[in-house]
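Q: Below is the sequence, then the predicted model.
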Amino acid sequence: MAFSDSAGELKYLQRCMSDLVSVLALPAVWSGQDPRQIVTTLHDALMAILNLGFLYTRVRVETDGEPLEELRTAPPYATTQKAVTIRNALHERFGDDPWKWPAVVRSHLGGQETSLVSMHLGIEGELGVVLAGSERADFPTQSERLLLGVVANQITVGLQQARLLSEQKQIADELEQRVAERTASLAAANEKLRKEIEDRKQSEEALRESEQRFRLIVDGIAGLVAIMSPTGELEVVNRQVLAYFGKTVEQLRGWSTSGAVHPDDMPAVRAAWTRSLETAAVYDSDHRLLRADGEYRWFRARGLPLCDAERRVLRWYVLLTDIHDRRQAEEALSRARAELAHVARATSLGVLTASIAHEVNQPLAGIVMNASTCLRMLDSDPPNVDGARETARRTVRDGNRASDVVTRLRALFRNKDATIESVDLNDAAREVIALSLGELQSNRILVQNEFAENLPAVQGDRVQFQQVILNLLRNASDAMRDVEDRPRRLLIKTEYDDCKNVQLTVQDTGIGFAPHAANRLFESFYTTKDDGMGIGLSVSRSIIEAHRGRLWASANDGPGSSFAFSIPHDGSIEPA
C-alpha cells in the first residue's frame with residue numbers, strides 16, 4: 001500500500017499495531033472458554049478489524065466427534081438466504097472437505113465476486129479451518145495476511161488449550177469415578193494421577209511455547225512496547241525498552257519516580273494517565289524519555305485499554321514511538337519561516353530606496369532653507385525676530401517629519417518578535433501610504449482611500465500588519481506598471497461586518513491574474529513577475545492566519561484584481 005506522506009504511513013502502521021495488539025490479547029479473553037465461545041469471539045474480532053464480507057469457521061472439537069461449524073456475514077452477504085447460499089456454494093465450489101480448500105482464491109460466490117483466504121488450524125490442519133471472504137479485489141493485503149497468520153496461530157493455541165482443558169476435566173471426572181468405585185485399586189488411581197500430572201506438564205509447556213511466540217512477536221515490533229496492569233503498573237516490556245533505558249523491568253516498574261520521564265513533562269504525563277485510568281479512554285501524550293546514555297528524546301506515547309464486557313480495563317497496551325527527529329525538523333521549519341518573513345521585509349527596502357530618499361530629502365531641504373532664512377532675518381537691521389521665530393518653528397516641524405520617516409522605516413525593517421497591541425488598521429494603512437507615496441507617485445499611481453469611520457481596533461502586531469499592507473500596495477503598483485490605456489488607480493479601503501471581522505482591501509486596475517493561477521498565488525516561491533521572489537504573498541498569508549484571519553484574491557468586474565484580508569476584532573491574538 002502506497003502513502004503520499006510519512007504521516008499517512010505512520011497512521012497506517014499505528015492502526016496495524018493496534019489491530020495486532022488486539023489480536024494478541026485474544027488468548028487472555030479466551031482463557032477458560034469452550035471452543036464455540038472461542039470461535040464466536042474470533043468472528044466478532046476479525047469481522048470488525050478486517051471489515052470482512054463473511055467469515056466461515058469449521059473446527060474439530062473432539063478427535064472423533066462432529067466438527068463445529070459457524071458462518072458470520074456482513075453486507076452484501078448479510079441475509080439469511082444468502083448465508084445458506086454461501087455455505088452451499090463453498091461446498092459445491094471447493095468440495096465437502098474444507099481442509100482441502102485453496103489458501104487464496106478469487107471466485108464468484110453467492111452472486112458476488114469474492115476474494116477468499118483459507119487458513120488451516122494446527123500444524124497439518126488437524127484442528128480445523130478458517131475461511132475469510134471479502135468483495136475487495138485487493139484482499140488480502142500484506143498486513144492483512146500477517147494479521148490472519150497471527151490469528152491462525154492464536155486460535156490454534158486457544159483451541160489447543162480448550163481441548164486440553166476439556167481433556168483435563170474429562171480425566172478429572174474419570175479419576176473421581178474410579179476412586180469412588182475402586183478404592184482398593186491404588187495402583188490404578190496412582191497411574192491416573194501420574195497421567196494427570198503429565199498432562200498438566202504438557203499444558204504448561206504449551207503455555208510456555210505460546211509465551212515465547214508472543215515474546216518473539218513483541219520484540220519484533222519497531223518501537224517500544226509495554227503492557228501495564230489496570231492501575232498502570234508496568235508488567236511486561238519488549239527488549240527495545242530494556243535497550244533504550246538500560247534498565248531491568250524491576251528498575252522500570254517505578255517509572256513515575258525513576259527519572260525516566262523528563263521532569264518538565266512529568267506533570268502533564270501524570271495528568272494524562274490519571275484521566276485515562278479514570279475514564280478508560282485512550283492514553284495519548286508527547287514527552288521526553290531519558291536514554292541510557294543520558295540524552296532525552298521526544299516520544300509519542302499511545303496506550304490502548306483492553307476491556308471486558310462491563311468496560312473494566314484488563315490491561316493497557318502502550319506503544320512508544322520516537323518522534324525526536326521529526327520534532328526537531330518541525331522546529332527548524334516554525335525558525336526558517338521566521339527568517340523568511342524577515343527576508344521578505346528586507347527585500348522591500350531596495351525597491352523603496354527612491355521613495356525613502358524623497359521622503360527624507362524633502363524635510364531636510366526645508367530645514368536647510370528655513371535655517372538660511374532665519375539667519376538672514378536675524379542679520380537684518382533691525383533683526384526680524386518674529387519672522388526668525390516662525391522660521392525656526394518650521395525648521396522644528398521639518399526635523400520632526402524627517403524623524404518620523406526614519407522611525408517608521410526602522411520599525412518596518414527591524415527583525416523583532418511580535419508585539420501584541422491594539423491596532424487601528426486605518427492609521428496603520430495611512431502610515432504605509434505615506435511611506436510609499438513617493439514610489440507610487442513616480443509610477444503615476446492615483447491613490448484613493450475609503451476608510452470606514454469608527455473602525456474597531458484589532459489585536460496583533462502593528463509592524464506585521466503594515467508589512468502585509470505594504471506588500472499588497474507594491475503588488476498593486478507592479479500590476480499597473482505597464483498599463484497605458486486607462487488610469488492607474490489604486491483604492492485601499494476598510495470596513496467591518498456583523499461577524500466581528502475587520503476587512504482591508506487593496507484594489508487595482510492592473511493586468512489581473514489568470515484563473516488557473518488563483519489557487520497558486522499564495523504558494524511559496526510562486527510568482528508571476530519576472531523579477532519576483534514568490535515569497536511576499538506566502539509570508540503575508542502566514543502573518544494573517546497567525547492572527548486568526550484569512551487573506552484572499554479575487555478578480556474585479558472590470559480590469560485588475562483585489563487582494564483583501566479580514567481579522568476578528570473580539571478577543572486576544574497570539575501570533576506565531
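A: The structure has been received and is ready for your questions.
Q: chain center to whatever helix or strand Glu167 lives in, what's the gap?
A: Assigned by DSSP states H and E, Glu167 belongs to helix 142-181. How far helix 142-181 lies from its chain's middle: 43 Å, per Cα atoms, centre = their mean, to the nearest Å.
Q: Just the buried residues of it, please?
A: 143-144, 147-148, 150-164, 171, 175 (16 or more other Cβ atoms under 10 Å). (Glycine included, C-beta is placed from N, CA and C.)
Q: I figured Arg541 was touching His547, is that so?
A: No - in this structure, Arg541 is not within contact of His547 by Cβ atoms under 8 Å, at 11.0 Å.
Q: list the buried ones in stretch 238-246?
A: 238, 240-242, 244-245.
Q: neighbour-wise, which of Arg541 and His547 wins?
A: For Arg541 versus His547, neighbours defined as other Cβ atoms under 10 Å are more numerous around His547 (25 against 20).
Q: Find me the pLDDT at the closest residue to Lys192 other than its chain neighbours, would you?
A: Leaving aside its sequence neighbours, Lys192 sits nearest to Leu175 (Cβ to Cβ, 6 or more residues apart in numbering; 4.8 Å). On the pLDDT scale, Leu175 is placed at 76.
Q: Distance-wise, check Leu175 relative to Glu191.
A: 10 Å (Cβ to Cβ, to the nearest Å).
Q: nearest spatial neighbour of Asn384, skipping sequence neighbours?
A: The shortest distance from Asn384 to any residue other than its chain neighbours is 4.0 Å, reached at Met377 (Cβ to Cβ, 6+ apart).
Q: Can you tell me the SS state at Asp286?
A: Classification of Asp286 using DSSP: H, G, I helix; E, B strand; the rest coil returns strand.
Q: give me the beta-bridge partners of it?
A: Assessed by DSSP bridges, Asp286 has beta-bridge partners Arg300.
Q: how long is stretch 124-144 end to end?
A: 22 Å (Cα to Cα, to the nearest Å).
Q: domains in this protein, as residue ranges please.
A: 6-209, 224-322, 331-416, 419-576 (automatic domain parsing).
Q: Least confident of the ones you listed, on average?
A: Here the lowest mean pLDDT among those goes to domain 331-416, at a mean of 67.
Q: Does anything pack onto the host helix or strand of Ile227? Which helices or strands?
A: For Ile227, the host element (DSSP H and E) is strand 224-228. With contacts defined as 3 or more Cβ pairs under 8 Å, 6 or more residues apart in numbering; DSSP states H and E, strand 224-228 has these neighbours: strand 234-237, helix 239-245, strand 313-322.
Q: any idea of the angle the longest one forms with strand 224-228?
A: Okay, so that is strand 313-322. Calculated by axes from the mean of the first three to the mean of the last three Cα atoms, to 10 degrees, strand 313-322 forms an angle of 160 degrees with strand 224-228.
Q: check contacts around Arg72.
A: 43, 47, 54-56 (Cβ atoms under 8 Å, 6 or more residues apart in numbering).
Q: Most neighbours among these, which one?
A: Neighbour counts for the contacts of Arg72 peak at Phe54, which has 28 neighbours (criterion: other Cβ under 10 Å).
Q: you'd agree it is up against Glu70?
A: No - at 10.8 Å, Phe54 and Glu70 do not qualify as touching, with contact defined as Cβ under 8 Å.
Q: Of the helices and strands packed on strand 224-228, which is nearest Trp273?
A: When the helices and strands packed on strand 224-228 are compared for distance to Trp273 using Cβ to Cβ, the nearest one is strand 313-322, at 9.4 Å.
Q: Residues contacting the closest one, please?
A: The list of residues contacting strand 313-322 from outside it, by Cβ under 8 Å, 6+ apart, reads 10, 14, 17, 21, 25, 28, 221, 223-230, 232, 235, 241, 277, 280, 283, 289, 297-308.
Q: same thing with stretch 561-570?
A: 425, 456-460, 468, 472, 475-476, 479, 496, 500-508, 510, 512-513, 540, 544, 547-556.
Q: Just the buried ones from these, in ChimeraX syntax?
A: To isolate the buried members of the contacts of stretch 561-570 in ChimeraX, using 16+ other Cβ under 10 Å:
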select :425,456,458,459,460,468,472,475,476,479,496,501,502,503,504,505,506,507,508,510,512,513,540,544,547,548,549,551,553
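Q: Filter the contacts of stretch 561-570 down to just the ones in strands.
A: Among these, the members found in strands (DSSP state E) are 458-460, 496, 501-508, 550-555.
Q: thinking again about what came up before, show the buried residues in the contacts of strand 313-322.
A: 17, 21, 25, 223-228, 232, 241, 277, 283, 289, 297-306.
Q: hang on, the earlier thing: show me which pair in the buried residues of stretch 238-246 is furthest apart.
A: Largest separation among the buried residues of stretch 238-246 by Cβ to Cβ: Asn238 and Phe245, giving 11.9 Å.
Q: Need phi/psi at Arg72.
A: phi -120, psi 130 (degrees, to the nearest 10).
Q: Find the nearest non-adjacent residue to it, please.
A: Closest to Arg72 by Cβ to Cβ, 6+ apart is His43, at 4.2 Å.
Q: and what of Gly149?
A: Met119 (7.5 Å).
Q: what about the one you found, helix or strand, and which?
A: Assigned by DSSP H and E, Met119 falls in strand 112-121.
Q: Show me what the helix or strand following that strand is packed against.
A: Later in the chain than strand 112-121, the nearest helix or strand by DSSP H and E is strand 128-134. The contact analysis (3+ Cβ pairs under 8 Å, 6+ apart) places strand 128-134 against helix 35-50, strand 54-59, strand 112-121, helix 142-181.
Q: Of the ones you listed, which is nearest Leu491?
A: Leu491 sits nearest to helix 142-181 of all the helices and strands packed on strand 128-134, at 58.6 Å, using Cβ to Cβ.
Q: Measure how that closest one sits relative to strand 128-134, angle-wise.
A: 150 degrees.
Q: Look at Ser256 and give its secondary structure.
A: Reduced to three states by three-state DSSP, Ser256 is coil.
Q: Next, count neighbours for the closest residue to it other than its chain neighbours.
A: Setting aside the residues directly before and after it, Ser256 is nearest to Arg270 in space (Cβ to Cβ, 6+ apart), at 6.8 Å. A count of nearby residues for Arg270, using other Cβ under 10 Å, gives 13.
Q: What backbone torsions are found at Arg270?
A: Backbone torsions of Arg270, given as degrees, to the nearest 10, read phi -60, psi -40.
Q: Let's verify Val463: helix, strand, or coil?
A: helix.
Q: how close does the nearest residue to Ser540 once chain neighbours are set aside sit to Ser143?
A: Setting aside the residues directly before and after it, Ser540 is nearest to Val468 in space (Cβ to Cβ, 6+ apart), at 4.5 Å. Computed with Cβ to Cβ, the distance linking Val468 and Ser143 is 47 Å.
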